[in-house]
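Enquirer: coordinates only, no sequence provided:
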């Protein structure tokens, strides 16, 4: 089923029809896969389901995570069995393809396990090492975020853009905390303290994908985190960039989903936040 929030316009030009058709199919498959995963989230939410713990403290995985990932993979493999896949629960499915689907079946599993409706499906489609398409869907709030490289970002099929705040001290920020090495030097607690001691509101929602999308929608002015995996950031970071924002690592270099640290902002407070994060400036 294609999202009621997203309409694909297909223009068939004789000399380029295969290219447009391929992109059309990718978009439709991405949207259908996100809905398939979200259907499982809704089916299991606030019911009795099995919960287990992966390596580390509070690193949960639920019966619903597996069901959502299975539903997502079934949609993708039915259309593109030759594509590579990197999924949180089943790992890497390596194939000889320039396309890779990066999947988090439930981003915000701890929230989900506690009946908190801040969780979502997050799927990014990578082409030749660059993110091409992205979808993040929170079915509890019925918010479907979508982005296509160089084509902008949308929420429920309406264009979104980042905020205009130009001073970090006036910003509303969001972050997350890893369950390991939280007390490291210049780590999550130290950086958090630098902002909150100056009165800057810093929230923690428990879902990096939602954090990134809310930066893209202008609800937050910036997001930073120390330890994300590819499936946490793959979709959200493209959505931020396509909404006019900026995403880098903590050194200010181009962001890659295959490294852990991320700073995503409206662009206007980015350099100042880098200075604070790296301890080179006080607000």
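Expert: Thanks, I have it. As the structure is a prediction and not an experimental result, all values here were calculated from the model.
Enquirer: every contact and neighbour count from this point should use C-alpha atoms.
Expert: Fine.
Enquirer: next SSE after the helix or strand of the chain with the lowest mean pLDDT?
Expert: Least confident helix or strand of the chain, by mean pLDDT, DSSP states H and E, is strand 51-53 with a mean of 76. For strand 51-53, the succeeding helix or strand toward the C-terminus, using DSSP states H and E, is strand 60-62.
Enquirer: tell me which other helices or strands the following helix or strand past that next one touches.
Expert: Per DSSP H and E, strand 60-62 leads on to helix 63-79 as the next helix or strand towards the C-terminus. Counting contacts by 3 or more Cα pairs under 8 Å, 6 or more residues apart in numbering; DSSP states H and E, helix 63-79 packs against helix 17-44, strand 99-107.
Enquirer: helix or strand: which one has residue 117?
Expert: Here residue 117 is assigned to no helix or strand, by DSSP H and E.
Enquirer: just to revisit the earlier point, what's the least confident helix or strand of the chain in contact with?
Expert: Defining contact as Cα atoms under 8 Å, 6 or more residues apart in numbering, one finds that strand 51-53 is touched by 59, 60, 61, 62, 63, 113.
Enquirer: got a ChimeraX select line for the buried ones in these?
Expert: Only the buried entries of those go into this ChimeraX selection, using 16 or more other Cα atoms under 10 Å:
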select :60,61,62,63,113
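Enquirer: among the contacts of strand 51-53, which one sits closest to residue 127?
Expert: Residue 127 has its nearest neighbour among the contacts of strand 51-53 in residue 61, at 28.6 Å by Cα to Cα.
Enquirer: show me the helices in the protein, by range?
Expert: Using DSSP state H, the helices of the chain run over 17-44, 63-79, 109-113, 188-196, 208-216, 230-242, 270-277.
Enquirer: so which of these is nearest residue 126?
Expert: With Cα to Cα as the criterion, residue 126 lies closest to helix 230-242 of the helices of the chain, at 8.5 Å.
Enquirer: report the mean confidence score over the closest one.
Expert: Helix 230-242 shows a mean pLDDT of 98.
Enquirer: tell me what that helix is packed against?
Expert: When contacts are defined as 3+ Cα pairs under 8 Å, 6+ apart, helix 230-242 sits against strand 99-107, strand 120-127, strand 130-138, strand 143-148, strand 152-155, helix 208-216, strand 246-248, strand 262-265.
Enquirer: hmm, 7 Å instead?
Expert: Under the contact definition 3 or more Cα pairs under 7 Å, 6 or more residues apart in numbering; DSSP states H and E, helix 230-242 sits against strand 99-107, strand 120-127, strand 130-138, strand 143-148, strand 152-155, helix 208-216, strand 246-248.
Enquirer: the first one pairs with which strands, parallel or anti?
Expert: Yep, that's strand 99-107 we're talking about. Using DSSP bridges, the strands paired with strand 99-107 are strand 84-87 (parallel), strand 120-127 (antiparallel).
Enquirer: which one of these is the most hemmed in?
Expert: Highest mean neighbour count of the strands paired with strand 99-107: strand 120-127, a mean of 26 (counted as mean count of other Cα atoms under 10 Å).
Enquirer: angle of it against strand 143-148?
Expert: Orientation check (axes from the mean of the first three to the mean of the last three Cα atoms, to 10 degrees): strand 120-127 against strand 143-148 gives 10 degrees.
Enquirer: pull the distance from strand 120-127 to the chain's centre.
Expert: On the basis of Cα atoms, centre = their mean, to the nearest Å, strand 120-127 sits 7 Å off its chain's mean C-alpha point.
Enquirer: do stretch 176-191 as well
Expert: Put simply, stretch 176-191 sits 21 Å off its chain's centre (Cα atoms, centre = their mean).
Enquirer: so which bits of it are buried?
Expert: For stretch 176-191, burial by neighbour count (16+ other Cα under 10 Å) applies to 176, 177, 187, 188, 191.
Enquirer: who touches it?
Expert: 57, 204, 206, 225, 226, 227, 277 (Cα atoms under 7 Å, 6 or more residues apart in numbering).
Enquirer: as CSV, the helices of the chain with distance to residue 125 would be great.
Expert: Converted to CSV, those look like this (distance: least, Cα to Cα, whole Å):
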stretch, distance to residue 125
helix 17-44, 8
helix 63-79, 11
helix 109-113, 22
helix 188-196, 29
helix 208-216, 15
helix 230-242, 8
helix 270-277, 26
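Enquirer: which of these has the lowest average pLDDT?
Expert: helix 17-44 - the lowest mean pLDDT of the helices of the chain, at a mean of 88.
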